[in-house]
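Return a 3D structure for these sequence lines:
(chains A, B, C and D, ligands or ions: 4)
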There are 2 protein chains.
Amino acid sequence: MQISAGLVILFEMRSPTELAQVFREKQLRLTPQRQLLFNLLHDNNSHPTAESLFETASKQMPGISLRTIYQTLGELADMGELQLVDLGNGAMRFDPNMGEHQHFVCGSCGAIHDVDITSAPKLRAGSAEGFAVEEVGVVFHGRCNRCNQGEQKSHHSKRSPGFQAKKIKQVKTN
Amino acid sequence: MQISAGLVILFEMRSPTELAQVFREKQLRLTPQRQLLFNLLHDNNSHPTAESLFETASKQMPGISLRTIYQTLGELADMGELQLVDLGNGAMRFDPNMGEHQHFVCGSCGAIHDVDITSAPKLRAGSAEGFAVEEVGVVFHGRCNRCNQGEQKSHHSKRSPGFQAKKIKQVKTN
DNA sequence: TGTTAGTTATCATGACATGCAAATTAGTGC
DNA sequence: GCACTAATTTGCATGTCATGATAACTAACA
Ligand SMILES: [Mn+2]
Ligand SMILES: [Mn+2]
Ligand SMILES: [Zn+2]
Ligand SMILES: [Zn+2]
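Residues are numbered from 1 along each chain as shown, chains lettered A, B, ... in the order given. Ligands and ions are numbered 1, 2, ... in the order given. The predicted structure is shown next:
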């Protein structure tokens, strides 16, 4: 979904074929675990959690440690290959879409969609009164298109006590 | 700070004199602990955490239980007297300002300021493509006016791993 | 004053994330 | 291919924030 049309530059993870280079640049060894996670995240717009990645990864690589998932995700974030997004749903989300964008959270199914605010209102106000705004995070809540149609199956329980809003964790791009 | 001028209707907690009624309405007893917390929160724009309220409350009422703090804060939230705000700083914030507003987080001192987006861009877009936006949360990050002036003393360490953005937890107003 | 809600203390649980040390392995040189 | 060593992985412990559960005690209020 788009809030307003306009040019959107997406900075995505580098391609899997560049993988080796990506890791070597940072003097990181090309382990099977890193390859797997890199592949699982590349072009992944589902905004997975560490746990969900752990589940997925475990199928392809039984025995992989959850600790390694966290470890590697942190490294990839440090490398600027993905950003951490906290939408207030309990667990951090990992997003290979490095472009400046916001998120929509469906309160019914829990799905998370990218929202590109482009020519949209530049919220970077506030310089008045001595405040210096460096970053703005926006989270939209509502019902996604799918849930808006068919009967409301209302999954997405887990432990979200109600509605929440959001949070993005900035990543040092070195 | 304001992003854009305009009429701002603030829904605040009821006054302390209405306290008794407030509690009785919900068939809750008017205990000293509840009175204390109600008073500590009334007109409080510091967005305290449960722990910080516990510290403050303990001074006036040594022996008060942290469990009671959480308990009472939950009740007050259920009663619609305050809202829970998650700014991604680890702990939930409690905000007696029930009006629709957003927040500014100072990355230097950790202070949280209310931001009133009034006539500002109505971000409630997205109805196109079948998405129904019900709520929008915004968190501004930067340096507050105080930190912007004097030398940057940079407190606010604790356990924020970096920058984050935000989240608001909706409260059932019954 | 009695009934009963509320508080306290304690302990357990739960989700999410990180610290740590021992075991393993990738990548190097031979 | 083989040995070597530093980088990684793994398993477990720890930490934070928050809630559940129980029992014993306290006090609101009808
Ligand atoms: Mn995204
Ligand atoms: Mn506020
Ligand atoms: Zn949905
Ligand atoms: Zn500040």
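
who in chain A is up against DNA strand C?
A:29-32, A:49-51, A:66-67, A:70, A:74, A:86, A:90-92, A:158-159 (Cβ under 7 Å from any atom of the strand). All C-beta spots, glycine's among them, are computed from the backbone N, C-alpha and C.

again, only using 10 Å
Taking Cβ under 10 Å from any atom of the strand as the measure of proximity, chain A contacts DNA strand C at A:20, A:23-24, A:27-35, A:49-52, A:63, A:65-71, A:73-74, A:77, A:84-86, A:89-94, A:158-160, A:169.

my read: A:N44 touches A:R93, true?
No - using Cβ atoms under 8 Å, A:N44 is not in contact with A:R93; the gap is 10.8 Å.

With neighbour numbers in mind, choose between these two.
The neighbour count for A:N44 versus A:R93, taken as other Cβ atoms under 10 Å in any protein chain shown, is higher for A:R93 (23 against 17).

So which of the residues of chain A next to DNA strand C sit within helices?
A:20, A:23-24, A:32-35, A:50-52, A:66-71, A:73-74, A:77 (DSSP state H).

picking up where we left off before, which of the residues of chain A next to DNA strand C are buried, as a ChimeraX select command?
Command for ChimeraX that selects the buried part of these, burial taken from 16 or more other Cβ atoms under 10 Å in any protein chain shown:
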select /A:23,34,35,49,50,52,68,69,73,77,84,85,86,89,92,93,94,160,169
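
which residues of chain A fall in strands?
Here chain A has its strands, by DSSP state E, at A:2-4, A:83-86, A:93-95, A:102-106, A:112-117, A:132-143, A:167-169.

Can you add mean pLDDT and give those back as JSON lines?
Converted to JSON lines, the strands of chain A look like this (pLDDT from 0 to 100):
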{"stretch": "strand A:2-4", "mean pLDDT": "51"}
{"stretch": "strand A:83-86", "mean pLDDT": "96"}
{"stretch": "strand A:93-95", "mean pLDDT": "98"}
{"stretch": "strand A:102-106", "mean pLDDT": "92"}
{"stretch": "strand A:112-117", "mean pLDDT": "87"}
{"stretch": "strand A:132-143", "mean pLDDT": "87"}
{"stretch": "strand A:167-169", "mean pLDDT": "27"}
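
A:A57 is nearest to which of those?
Nearest of those to A:A57, taken as Cβ to Cβ: strand A:93-95 at 12.2 Å.

what's next to that closest one, contact-wise?
The contact list for strand A:93-95 (Cβ atoms under 8 Å, 6 or more residues apart in numbering or on different chains) reads A:41, A:47-50, A:53, A:73, A:76-77, A:82-87, A:112.

Identify, from the residues you listed, the entry nearest to B:V136.
For these, the nearest to B:V136 is A:L87 (12.9 Å; Cβ to Cβ).

The closest one and B:Y70, how far apart?
Distance, A:L87 to B:Y70, using Cβ to Cβ, to the nearest Å: 23 Å.

pretty sure A:Q60 contacts A:L36?
Yes - A:Q60 is within contact range of A:L36, at 6.1 Å (criterion: Cβ under 8 Å).

show me what contacts A:A91?
A:A91 is in contact with A:T49, A:A50, A:E51, counting by Cβ under 8 Å, 6+ apart.

Could you provide those in CSV, with additional columns for distance to ligand 4 and pLDDT?
CSV is the format used below for the contacts of A:A91 (distance: Cβ to the ion, whole Å; pLDDT from 0 to 100):
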residue, distance to ligand 4, pLDDT
A:T49, 31, 98
A:A50, 31, 98
A:E51, 34, 97
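
Format these as a markdown table; extra columns: distance to A:I117.
Below are the contacts of A:A91 laid out as a markdown table (distance: Cβ to Cβ, whole Å):
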| residue | distance to A:I117 |
| --- | --- |
| A:T49 | 24 |
| A:A50 | 27 |
| A:E51 | 29 |
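
Just put these in JSON lines and tack on distance to ligand 3.
Shown next, in JSON lines, are the contacts of A:A91 (distance: Cβ to the ion, whole Å):
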{"residue": "A:T49", "distance to ligand 3": "17"}
{"residue": "A:A50", "distance to ligand 3": "22"}
{"residue": "A:E51", "distance to ligand 3": "20"}
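
From those, pick the one nearest A:C147.
Nearest to A:C147 among the contacts of A:A91, with distances taken as Cβ to Cβ, is A:T49, at 20.0 Å.

Return the set of residues that bridge with that closest one.
Note on A:T49: beta-bridge partners A:R93, judged by DSSP bridges.

you'd agree it is up against A:M92?
Yes - here A:T49 reaches A:M92: they are 6.7 Å apart, a contact under Cβ under 8 Å.

ok, back up a step: which single one of the contacts of A:A91 is nearest to A:V133?
Distance to A:V133, by Cβ to Cβ, is smallest for A:T49 among those, at 28.7 Å.

Quick one: residues contacting that closest one.
Residues counted as contacts of A:T49 (Cβ under 8 Å, 6+ apart) are A:A91, A:M92, A:R93, A:F94.

hmm, try it at 7 Å
Shown in contact with A:T49 (Cβ atoms under 7 Å, 6 or more residues apart in numbering or on different chains): A:A91, A:M92, A:R93.

And for A:Y70?
A:A50 are the contacts of A:Y70 under Cβ under 7 Å, 6+ apart.
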